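Participant: below are the sequence and a predicted model; questions follow.
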Amino acid sequence: MNNPFDMLHPTVMIRNAGFRGRNMINRNTIINGYGQMAKIGYGTTVGGDCIITGDIEIGNYCQFGWRISIRSGDHPLDKATVFSNSRLLNGVVGSGREGKISIGNDVWIGDSAIILKGVKIGNGVAIGAGAVVVKDVPDYSVVVGNPSRIIRKRFDSEIIALFNQLGWWDFTFEQIESLVETHELFTFSIMEDRERAVQVLTRCIMLKKHLFALGNLFTTPLMVVESFG
Ligand SMILES: CC(C)(COP(=O)(O)OP(=O)(O)OC[C@H]1O[C@@H](n2cnc3c(N)ncnc32)[C@H](O)[C@@H]1OP(=O)(O)O)[C@@H](O)C(=O)NCCC(=O)NCCS
C-alpha cells in the first residue's frame, strides 16, 4: 500500500478508513468506520484529540482543528435501554439510528465543534469553534453556535458558483503551485478584488477543461487503512 500520510502521529488509532493521500492526522485522534468505511479526501488534515466514527465522507483540502467530534450513529431512544454496548446481548440493542455525514471540499472546522448524524456540509464552509452542527450547511457559509446558525456567506452567489464550477480541490498541491492560473487564485483577497477573482476563476475553469481533455487531471484512489494503532 502507498503511504497516504504526510504526517500520522504514532498515537492515532485508525480502523476501516480510506484516505486519498497527502493527509495529516494529529495526536490521539480516532478514526473508525465501524461497519462502514470512513473516507477522508486528498490533503485533508485532522487535528489532535478528534473522534470521527461511522459512515463519514470528507472531501479534499479540509482542515479540522482539535477535539472535534464527527459521529454518524446515535444510541437508540425507542428501545428498553439506551445502552447499546456490545457487552450486553452481544450488541443486539444496536444503534439503529445512523445517518451518513458528508463534508464537502475546502471545509474548515474550528476547535471543539461537534457534527451530528445525518448532516451534510457543503464546499468552502467555515465552522466556528465550539459549534454544534445539527442541520445541513450550504456551500461557502460561515456557521457558529449551538445549535449552529449561519452568520454569513464567504462570497456572493456568482463567485460561489464559479468556485463550485472550478472545483480547484481536484488539483494536487504540485499542480496548484506550478500552474500560473491556479497559483494566482490563491494570492489575493477575493472580497477586495472581486473583478480580478471573476477573471482568474474563469481562466482556471478553462484551464481545467483543457487539462481534463488531455487526461492530465489527477485521480485520487482511496488507500484503505484497516488497522493502525
Ligand atoms: C467562526 C469564525 C471563523 C468567525 O470569524 P469572523 O467572521 O471573524 O467572526 P466575527 O468575529 O466577526 O463574529 C461574528 C459574530 O459571530 C459570533 N461568533 C464568532 N465566532 C463564534 C463562535 N465560535 N461561537 C459563537 N459565536 C461566534 C460573534 O460573537 C459575532 O456575533 P455578533 O454579530 O452577535 O457580535 C471564528 O470566530 C471562529 O470560531 N474560528 C475558529 C477558531 C479556531 O477554532 N481555531 C483553531 C482551529 S484551526
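Facilitator: Nice, thanks for sending it over.
Participant: which parts of the protein are helices?
Facilitator: Using DSSP state H, the helices of the chain run over 157-166, 173-178, 180-185, 194-214.
Participant: distance from the chain centre to the helix or strand of the chain with the lowest mean pLDDT, please.
Facilitator: Lowest on mean pLDDT, DSSP states H and E among the helices and strands of the chain sits strand 97-98, with a mean of 88. Relative to the centre of its chain, strand 97-98 is centred 20 Å away, using Cα atoms, centre = their mean, to the nearest Å.
Participant: residue 168 - nearest residue in space that isn't next to it in sequence?
Facilitator: In space, and not counting its chain neighbours, residue 168 is closest to residue 182: 6.3 Å by Cβ to Cβ, 6 or more residues apart in numbering. C-beta here means a position set from N, CA and C on the backbone, and glycine is covered the same way.
Participant: domain parsing for the chain?
Facilitator: 5-154, 157-214 (automatic domain parsing).
Participant: so where's the chain uncertain?
Facilitator: The chain contains residues with pLDDT under 70 at 1, 95.
Participant: the spatially most central residue of the chain - nearest residue in space that isn't next to it in sequence?
Facilitator: By Cα atoms, centre = their mean, the chain has its centre lying nearest to residue 58, at 3.5 Å. Leaving aside its sequence neighbours, residue 58 sits nearest to residue 103 (Cβ to Cβ, 6+ apart; 4.6 Å).
Participant: which of the domains of the chain sits closest to the ligand?
Facilitator: The closest of these to the ligand is domain 5-154. By Cβ to the nearest ligand atom, the value is 2.9 Å.
Participant: count the residues that sit near the closest residue to residue 96 other than its chain neighbours.
Facilitator: Distances taken as Cβ to Cβ, 6+ apart place residue 76 nearest to residue 96, at 5.0 Å, with adjacent residues excluded. For residue 76, the tally of surrounding residues (other Cβ atoms under 10 Å) stands at 16.
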